[in-house]
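> the sequence isn't on hand, but the structure is:
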């Protein structure tokens, strides 16, 4: 038994050593944000307007606020309202629809809320503009009304869409 503990400890120390070595050498990083801070220093984040056919009145301000918070807290970029910012992020909620996912005995038993965001990223340093569509689905019971499902899913919707947007802009996957 002591030999087994020693082997486990040695293996753990080896893994930890490799991790520390690669982390300090810059080979791997948990924050996989790919920003060249020598070129990109400022960011302007616009309001994400809701242009979907169905308007959830709280979604736009909550999403905009969460995106702003995530970018400020997880990057070194300085937020500005100037149009000459190195990066300009804007977009709009393009899809907010409900569909049926399952039926039993001619009754709907499951629904899916589809939320889509159209994202525009303008890089003024490289004089380049990219546009992306980000979509996430959120399943809920057909026993709930849309308003009940929105209340229940709101935090998850905001968090997941924000993460998708952030990863689309900054991750080098």
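Perfect, thanks for sending it. These figures come from a predicted structure and were not determined experimentally. Numbers count the residues shown, from 1 in each chain.
> is it true that residue 139 touches residue 101?
Yes: using CB atoms under 8 Å, residue 139 makes contact with residue 101 at a distance of 6.1 Å. C-beta here means a position set from N, CA and C on the backbone, and glycine is covered the same way.
> which residues are common contacts for these two?
Both residue 139 and residue 101 are contacted by 110-112, under the criterion CB atoms under 8 Å, 6 or more residues apart in numbering.
> out of those, who's nearest residue 167?
Residue 167 has its nearest neighbour among the shared contacts of residue 139 and residue 101 in residue 112, at 21.9 Å by CB to CB.
> thinking again about what came up before, where's the dip in pLDDT among the shared contacts of residue 139 and residue 101?
Ranked by pLDDT, the shared contacts of residue 139 and residue 101 bottom out at residue 110, which scores 89.
> now the longest helix belonging to the chain, how far from the chain's geometric center?
What stands out as the longest helix in the chain, according to DSSP state H, is helix 146-170. Remark: helix 146-170 is offset 8 Å from the chain centroid, using CA atoms, centre = their mean, to the nearest Å.
> and it, what other elements does it pack with?
Packing contacts for helix 146-170, counted by 3 or more CB pairs under 8 Å, 6 or more residues apart in numbering; DSSP states H and E, involve helix 59-74, strand 87-104, strand 107-123, strand 128-141.
> buried residues, the second one. List them.
In this case it means strand 87-104. By 16 or more other CB atoms under 10 Å, the buried positions in strand 87-104 come out as 87-89, 91-96.
> relative to that strand, what are the paired strands and their orientations?
Strand 87-104 pairs in its sheet with strand 42-45 (parallel), strand 49-50 (parallel), strand 107-123 (antiparallel), by DSSP bridges.
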